[in-house]
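Visitor: mind folding the following:
(one chain, ligands or ions: 2)
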Amino acid sequence: MQRARALVVGINWYNTAMLQQDQIRNFAIIAHVDHGKSTLSDRLLELTHTISKDKMQEQFLDQNPISRERGITIKLAPVRMRFELQEKEYLFNLIDTPGHVDFSYEVSRTLAACEGAILLVDATQGIQAQTVAHFQVAKKLGLVMIPVLNKIDLPNAQTEIVMKELTQSFGFTADEMFFISAKTGQNVEQLLKAVIEKIPSPRGNPEAPLRTLIFDAVYDEYRGVVAYVRVVDGGVKKGDKVRLFASNVKTDVTEVGYFSPYLQQSEELTCGEIGYVLTGIKDIRQARVGDTITIAKEGAGMPDIEPLPGYTTPQPMVFFGMYPKSSDDFGPLKESLGKLMLNDTALTYSEEYSAYLGSGFRVGFLGLLHAEIVKERLQQEFGLEILLTMPQVLYERREDGSIFEPYMLLRAYTPTAYVGGIMTLCQKRKGTMVDIQYHEGYAVISYEMPYSMFIRGLANDIKTISSGFASVDYEVIGYKPADLLDLEIRINDNPIDVLSEPVYKEESLYIAREKAARLKEILPRQQIRQIIQAVINGAIVAREEIPPFRKDVLAKMSGGDRTRKDKLLEAQKKGKSRMYAHAKIDLPQEALFSMIERK
Ligand code: GDP
Ligand code: MG
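Guide: Ligands and ions are numbered 1, 2, ... in the order given. Prediction:
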């Protein structure tokens, strides 16, 4: 008790021993991106005096610098808050979650640690793709949901319509909905009270053997692996000998605590609590997200418990070649990727070599946003300038030479006015419609489509065609045969590896011509003639030529005789063809980069 008292500081004061399980509420806020999750979290932090007003920054839980800069949450963020209602003390564990589809696996992890969720819907936008996706996950896990319409301070809030959407799509009744402004704080306190009344306290048996779910893990240079946990049964404290079920590692607990939102050491994590556990584990791959921590038995025997249901690990969908802009940076890049992987287990990479860019990596990402964020982190946290080559999905090449590609079931959520436009777009993108459903105010259209359409700008096109109102969600459904051809770009007969790629048959000629023409535009003239060829199946389908500089070998001659001039010109021609034959193609780096780099 002495120790615990010395540790409690400031406004986060609370004493575990005094807490009953029925005073705990674990919940998440789920919503489509930009519907106001982080802003609502800010208000809750203020209301519960977790963060004092003068320390408050907007979107406080987005501590990650890239989150702050972009105004999006990319990482789940837990925080503990206290609140008093009718002289009874309550303890909230709130987990803010990312809303972008690339990071939806973070949401399902979060929800597995909670009993309830606030389902937040922007009243100016209505139900969007991630609203539905998250609702379904929460429902499957049996969470109690509180439907909330946000941004009612805005004049274009369509409260009536969105209420109907929520009733029709999810079966909520009007009297269980809350109408708030996360910005002004209107009705937020009532919502907090509803969390106490409606969301159940954690079940779980404090007397049973320890079962703790790891719902996230981060690597900290000083502390080692920090496991974010939800105690399901029993309790855990410093000095406990524990075992990680799936990775079968036995270790000692060196510290436990909660999120203030910073790591705040405490004496014990009791049944139902959310907090963190430090152990002797230094390798994050041993503290697998979804694993169960239990008390270790003497000897090698496995503990006599049922492990908690884990999570499916997210699969990388988009692959890029990643090369340092300066070849000196290969070593630092390798080291930095290793460090990033400690905290980003969705990232995969292996070394690859390009004849034109040198040594680099093939890196797998969850999607394009994930790739952009990793690129930014490499730049901001490690000072590395890198180049990402053309993105590709993971193709399967069968023995008979045929190529298969990943397909998805795409669902577009759109106001009915844009249904036609989206259907035309999806058909052009090799989509096959499988379903369309009309709801109050919006429609859900489902298509089977190659995942690669995301790389080809599908998400943006859907935004544009619907003036920003439609949103999409997808699930990967398997591999299907792809009508792909390998397009090779050659300059003076040298294949340029980083510019070659598989292309759809019907687009192949167009892309071949476009690439050749673009290269002609950006490559500077050289001493020799440069011939650009686009080759498909051994046939040249596009050809461009860049004439050489003509060095004026006659300049020093004034007048003079004709035969000498002819001789000099003849000599120059010979020299050139020799150069031509032996030329190692000299591709200026900027030109190559500008061909590859995405705008
Ligand atoms: P998140 O992506 O769900 O975390 O959304 P944010 O909390 O980052 O909010 C997205 C944007 O909506 C920000 O610019 C917020 O300031 C704004 N916003 C959030 N809630 C409200 C609200 O109740 N009223 C108004 N007017 N703007 C809001
Ligand atoms: Mg956010």
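Visitor: stretch 339-353 spans what distance, first to last residue?
Guide: End-to-end span of stretch 339-353 (CA to CA, to the nearest Å): 21 Å.
Visitor: now the strands for the stretch 51-200 of the chain?
Guide: For the stretch 51-200 of the chain, the strands defined by DSSP state E, counting those that start in this stretch occupy 77-85, 88-96, 116-122, 144-150, 178-179.
Visitor: turn those into CSV, including mean neighbour count.
Guide: From N, CA and C alone the C-beta is placed, and that goes for glycine too. CSV is the format used below for these (neighbours: other CB atoms under 10 Å):
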stretch, mean neighbour count
strand 77-85, 20
strand 88-96, 22
strand 116-122, 26
strand 144-150, 23
strand 178-179, 18
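Visitor: just so I know, which of those strands lies nearest Met341?
Guide: strand 77-85 (20.6 Å; CB to CB).
Visitor: tell me the residues on the stretch 451-599 of the chain that lie near ligand 1, please.
Guide: Proximity of the stretch 451-599 of the chain to ligand 1, by CB under 6 Å from any ligand atom, involves no residues.
Visitor: okay, and the beta partners of the residue in the stretch 451-599 of the chain positioned nearest to ligand 1?
Guide: Using CB to the nearest ligand atom, the closest approach of the stretch 451-599 of the chain to ligand 1 is made by Ser471 at 12.6 Å. Beta-bridge pairing for Ser471 (DSSP bridges): Tyr413.
Visitor: for the one 5 residues further on, same thing?
Guide: Beta-bridge pairing of Val476, defined through DSSP bridges, involves Met408.
Visitor: burial measure for it, as a count.
Guide: Val476: 13 surrounding residues under other CB atoms under 10 Å.
Visitor: cool, and Ala517?
Guide: Residues lying near Ala517 (other CB under 10 Å) number 13.
Visitor: again with Glu514
Guide: Neighbours of Glu514 under the rule other CB under 10 Å: 13.
Visitor: is it true that it lies in a strand?
Guide: No: Glu514 is assigned helix when assessed by DSSP: H, G, I helix; E, B strand; the rest coil, not a strand.
Visitor: the strands of the stretch 51-200 of the chain into CSV, with extra columns for distance to Lys198 and mean pLDDT?
Guide: Below are the strands of the stretch 51-200 of the chain laid out as CSV (distance: least, CB to CB, whole Å; pLDDT from 0 to 100):
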stretch, distance to Lys198, mean pLDDT
strand 77-85, 13, 87
strand 88-96, 13, 89
strand 116-122, 7, 97
strand 144-150, 6, 98
strand 178-179, 10, 98
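Visitor: mind putting those strands in CSV, distance to Lys375 included?
Guide: As requested, the strands of the stretch 51-200 of the chain are exported to CSV (distance: least, CB to CB, whole Å):
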stretch, distance to Lys375
strand 77-85, 22
strand 88-96, 24
strand 116-122, 29
strand 144-150, 32
strand 178-179, 39
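Visitor: Three-state assignment for the residue in the stretch 201-350 of the chain that ligand 2 sits nearest to, please.
Guide: Closest to ligand 2 within the stretch 201-350 of the chain is Pro261: 13.7 Å, counting by CB to the ion. Secondary structure, three-state DSSP: Pro261 is coil.
Visitor: which residues touch the closest residue to it other than its chain neighbours?
Guide: For Pro261, ignoring the flanking residues on the chain, the nearest one in space by CB to CB, 6 or more residues apart in numbering is Val79 at 4.0 Å. Contacts for Val79 (CB atoms under 8 Å, 6 or more residues apart in numbering) come out as Ser41, Leu45, Thr50, Leu61, Asn93, Leu94, Ile95, Asp96, Phe259, Ser260, Pro261.
Visitor: rewinding a little: tell me how many other residues crowd the residue of the stretch 201-350 of the chain closest to ligand 2.
Guide: Number of residues near Pro261 (other CB under 10 Å) recorded here: 21.
Visitor: got it, and the one 10 residues further on?
Guide: The burial count assigned to Cys271 is 22, neighbours taken as other CB under 10 Å.
Visitor: same check on Lys139?
Guide: Applying other CB under 10 Å, we find 15 residues neighbouring Lys139.
Visitor: what pLDDT does it get?
Guide: What the model reports as pLDDT for Lys139 is 94.
Visitor: ok, it to Leu119 distance?
Guide: In this structure, Lys139 and Leu119 are 10 Å apart, going by CB to CB, to the nearest Å.
Visitor: common neighbours of these two, please.
Guide: Met145.
Visitor: on that earlier part again, just checking, the residue of the stretch 201-350 of the chain closest to ligand 2 touches Ala77?
Guide: Yes: in this structure, Pro261 is within contact of Ala77 by CB atoms under 8 Å, at 6.4 Å.
Visitor: part of a helix, is Gly204?
Guide: No: Gly204: not assigned to a helix; according to three-state DSSP it is coil.
Visitor: so Val253 is in which element?
Guide: Here Val253, judged by DSSP states H and E, is contained in strand 249-259.
Visitor: in that strand, what counts as buried?
Guide: With burial defined by 16 or more other CB atoms under 10 Å, the residues of strand 249-259 counted as buried are Val249, Thr251, Val253, Glu255, Val256, Gly257, Tyr258, Phe259.
Visitor: what's the first-to-last distance across stretch 309-323?
Guide: Stretch 309-323 has its terminal residues 39 Å apart, counting by CA to CA.
Visitor: actually, stretch 113-124.
Guide: Start-to-end, stretch 113-124 (CA to CA) is 30 Å.
Visitor: likewise for stretch 93-109?
Guide: End residues of stretch 93-109 are separated by 15 Å (CA to CA).
Visitor: that stretch and ligand 2 in contact?
Guide: No: with CB under 5 Å from the ion as the criterion, ligand 2 is not reached by stretch 93-109; the gap is at least 6.3 Å.
Visitor: quick check: the gap between Lys183 and Gln57.
Guide: 15 Å.
Visitor: more neighbours, these two?
Guide: Using other CB under 10 Å, the more surrounded residue of Lys183 and Gln57 is Lys183, with 18 against 10.
Visitor: hang on, that one packs against Ile152?
Guide: No: assessed by CB under 8 Å, Lys183 is found out of contact with Ile152, at 9.8 Å.
Visitor: if we ignore the residues flanking it in sequence, what's nearest Asn156?
Guide: Closest residue in space to Asn156, ignoring its immediate chain neighbours: Thr124 at 5.0 Å, by CB to CB, 6+ apart.
Visitor: surely that neighbour and Ile161 touch.
Guide: No: look at Thr124 against Ile161 with CB under 8 Å: they stay out of range, at 10.4 Å.
Visitor: one step back: now the contacts of Val79 as CSV including distance to Leu366?
Guide: Shown next, in CSV, are the contacts of Val79 (distance: CB to CB, whole Å):
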residue, distance to Leu366
Ser41, 23
Leu45, 29
Thr50, 31
Leu61, 21
Asn93, 26
Leu94, 25
Ile95, 20
Asp96, 19
Phe259, 25
Ser260, 30
Pro261, 25
